[in-house]
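K.L.:
coords below, sequence missing:
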């Protein structure tokens, strides 16, 4: 059996007796010179009392640890930082290098995982209309599908792409996604929708192509408050044939599993509304519409899955490129840069060399995927700025101005470096936030609150930045 960090940490924590986790794995090079795991002094004090003395029998038990997946221990000793442990590194090297393939493969659970429908609305369009935030959603969905399948999760991908040019573009991006012919809305959904329609008062009340409106107020009140749906969702939704076609495909993906279960296929868990989860991988611009679609599905289909989750992918900006850059244009930009870098390295243009064509394609796709997937799809930009920059700034000012007048000796220490370090970090955090977040959103009423809150945050950041610069005797510049 291969060695495992989780197994080793579990055994180490169990050896300390009842209580929460204490040990953690070291990652910094300077710490790894002397130890591989550490139980901090504060945690030991909470476990064993103020004397922090770990019983000798416990230390002996830790050194003698054995078990499936548990790495062999060389020594365990008390240090000023806490209880330090070092593994038998030569034995660990021998075990790992003797079975490298086992460590290069993911851990496969003993039983099949849950059912997941991955829905990526961006794939209903054409490549030339694909925005960069939608491209990010596509890459995230593809990556997530691969990761889930390695853990024996049954995954279905929706929608099956229908635009004739989309499969070629996805193949270019090394994205594996199904393609299919056009699917019409199911008659059951259409009849249910027609039965729920609210008569329009006049012809102008409905957008072009709409069958009518369905009232969602009851579901907004029931699910919106508990599940995190936008409180500004419209109580009525215009129902179109396109919307019903989207729901029909999602419905079919779930019903196919029910049919598999009825046929007794191996690995097919029990069917039912709570037997699978639907994950909508959407760009930030698509989420509001997808929330409406969730509610409409619950309204029209009694067998709709109870668990619908949204994985929201934030906006993408490319330095030096226009904001209107489409996904194919983005690929061509990165491909041209790869070819140019290769020409500079090798002294000649290899773009037309057939032997290098595939290499340049892979390098271009790798560049795009690392750019799109190296950060969380949706991170707390706002909280990072507020918690790390605005809130602690008064304390920083106090610390900078603090003089230890009563300290013994001739010399006095001041923290003149704190403001510069603070401003550098603030600039980096703000630059990252501004490049990812679209501050002035679309002129829609439900987005106004978010926009005004972000503007207030930027105002606070500006005040902090200007005050910090003033401490250095520097005026703020409007542009550079």
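P.N.:
That came through fine. As the structure is a computational prediction, the values presented were derived from the model and not from experiment.

K.L.:
Helix or strand with the lowest mean pLDDT in this protein?
P.N.:
helix 225-227 (a mean of 63; mean pLDDT, DSSP states H and E).

K.L.:
May I see the buried residues of the helix or strand that comes right after that helix?
P.N.:
Note on helix 225-227: by DSSP states H and E, the next helix or strand toward the C-terminus is strand 236-240. Neighbour counts over strand 236-240 (16 or more other Cβ atoms under 10 Å) mark 237, 238, 239, 240 as buried. Backbone N, C-alpha and C define where each C-beta goes, glycine included.

K.L.:
beta partners for the third one?
P.N.:
It refers to residue 239. residue 212 (DSSP bridges).

K.L.:
can you list the domains in this protein?
P.N.:
When the chain is parsed with automatic domain parsing, its domains come out as 5-104, 115-313, 381-471.

K.L.:
and the least confident of the buried residues of strand 236-240?
P.N.:
Of all those, residue 237 carries the smallest pLDDT score, 81.

K.L.:
Surely that one is in contact with residue 290?
P.N.:
No - when contacts are counted by Cβ atoms under 8 Å, residue 237 is not listed as touching residue 290 (12.0 Å).

K.L.:
ok, and what's touching stretch 92-100?
P.N.:
Here stretch 92-100 makes contact (Cβ atoms under 8 Å, 6 or more residues apart in numbering) with 2, 3, 71, 72, 103.

K.L.:
pLDDT of it, averaged?
P.N.:
83.

K.L.:
just stretch 424-437 next, same as before
P.N.:
pLDDT averaged over stretch 424-437 gives 82.

K.L.:
Next: stretch 298-310.
P.N.:
Stretch 298-310 comes out at a mean pLDDT of 85.

K.L.:
chain center to it, what's the gap?
P.N.:
Chain-centre distance of stretch 298-310: 23 Å, with Cα atoms, centre = their mean, to the nearest Å.

K.L.:
What residues of it count as buried?
P.N.:
Buried residues in stretch 298-310 (16+ other Cβ under 10 Å): 298, 299, 300, 301, 304, 305, 308, 310.

K.L.:
Output those residues in CSV; the columns should cover distance to residue 83.
P.N.:
CSV is the format used below for the buried residues of stretch 298-310 (distance: Cβ to Cβ, whole Å):
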residue, distance to residue 83
298, 53
299, 58
300, 59
301, 56
304, 52
305, 47
308, 46
310, 43
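
K.L.:
how about low-confidence regions in the stretch 301-450 of the chain?
P.N.:
375-380, 382-384, 386-387, 391, 400-416, 441-444, 446-448 (pLDDT under 70).

K.L.:
repeat for the stretch 151-300 of the chain
P.N.:
181-185, 199-205, 224-227, 234, 258-274.

K.L.:
Let's see that with 90 instead.
P.N.:
151-155, 174, 179-245, 252-282, 284-289, 291-292, 294-296, 298-300 (pLDDT under 90).

K.L.:
how far away is residue 288 from residue 216?
P.N.:
Taking Cβ to Cβ, to the nearest Å as the measure, residue 288 falls 13 Å from residue 216.

K.L.:
Check residue 427 too.
P.N.:
For residue 427 relative to residue 216 (Cβ to Cβ), the value is 44 Å.

K.L.:
Repeat that for residue 135.
P.N.:
For residue 135, the distance to residue 216 - Cβ to Cβ - is 30 Å.

K.L.:
next one: residue 355
P.N.:
From residue 355 to residue 216 the distance is 58 Å (Cβ to Cβ).

K.L.:
out of these two, which sits in the busier spot?
P.N.:
residue 216 (23 against 7; other Cβ atoms under 10 Å).

K.L.:
Tell me the secondary structure at residue 155.
P.N.:
strand (DSSP: H, G, I helix; E, B strand; the rest coil).

K.L.:
contacting residues around it?
P.N.:
Counted by Cβ under 8 Å, 6+ apart, residue 155 has contacts 115, 116, 117, 118, 145, 148, 149.

K.L.:
Out of these, which sit inside strands?
P.N.:
The members of the contacts of residue 155 that map onto strands under DSSP state E are 115, 116, 117, 118.

K.L.:
Give me the distance between the last one and residue 155.
P.N.:
I take that to be residue 118. 6 Å.

K.L.:
residue ranges for the helices of the stretch 51-200 of the chain, please.
P.N.:
56-63, 89-97, 100-104, 132-150, 166-172, 187-196 (DSSP state H, counting those that start in this stretch).

K.L.:
returning to that earlier point: list only buried entries from the contacts of residue 155.
P.N.:
For these, buried by 16+ other Cβ under 10 Å: 115, 116, 117, 118, 145, 148.

K.L.:
Any idea what the spatially closest residue to the fifth one that is not a sequence neighbour is bridged to?
P.N.:
Just to be clear, that refers to residue 145. Closest residue to residue 145 apart from its sequence neighbours, by Cβ to Cβ, 6 or more residues apart in numbering: residue 155 at 5.1 Å. Residue 155 has the following beta-bridge partners by DSSP bridges: residue 116.

K.L.:
mind listing what the residue nearest to residue 59 when sequence neighbours are not counted touches?
P.N.:
Distance criterion Cβ to Cβ, 6+ apart; nearest residue to residue 59, sequence neighbours excluded, is residue 76 at 5.5 Å. With contact taken as Cβ under 8 Å, 6+ apart, residue 76 is in contact with 59, 62, 63, 83, 84, 85, 86.

K.L.:
In those residues, find the pair that's most separated.
P.N.:
59 and 86 (13.2 Å; Cβ to Cβ).

K.L.:
follow-up on the earlier one: list the beta-bridge partners for the residue nearest to residue 59.
P.N.:
residue 85.

K.L.:
How confident was the prediction at it?
P.N.:
Confidence score, pLDDT, at residue 76: 94.

K.L.:
measure it to residue 20 for me?
P.N.:
Remark: distance between residue 76 and residue 20 (Cβ to Cβ) = 20 Å.

K.L.:
now swap in residue 149 and tell me
P.N.:
33 Å.

K.L.:
for residue 49, same thing?
P.N.:
From residue 49 to residue 20 the distance is 16 Å (Cβ to Cβ).

K.L.:
and if you look at residue 303?
P.N.:
On the measure of Cβ to Cβ, residue 303 and residue 20 end up 42 Å apart.

K.L.:
Tell me where the protein has strands.
P.N.:
Secondary structure of the chain (DSSP E): strands at 24-25, 37-40, 73-79, 82-87, 115-119, 154-158, 197-198, 210-215, 236-240, 276-283, 307-313.

K.L.:
Make CSV out of these and add distance to residue 434.
P.N.:
Shown next, in CSV, are those (distance: least, Cβ to Cβ, whole Å):
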stretch, distance to residue 434
strand 24-25, 34
strand 37-40, 37
strand 73-79, 44
strand 82-87, 40
strand 115-119, 30
strand 154-158, 34
strand 197-198, 43
strand 210-215, 38
strand 236-240, 34
strand 276-283, 18
strand 307-313, 18
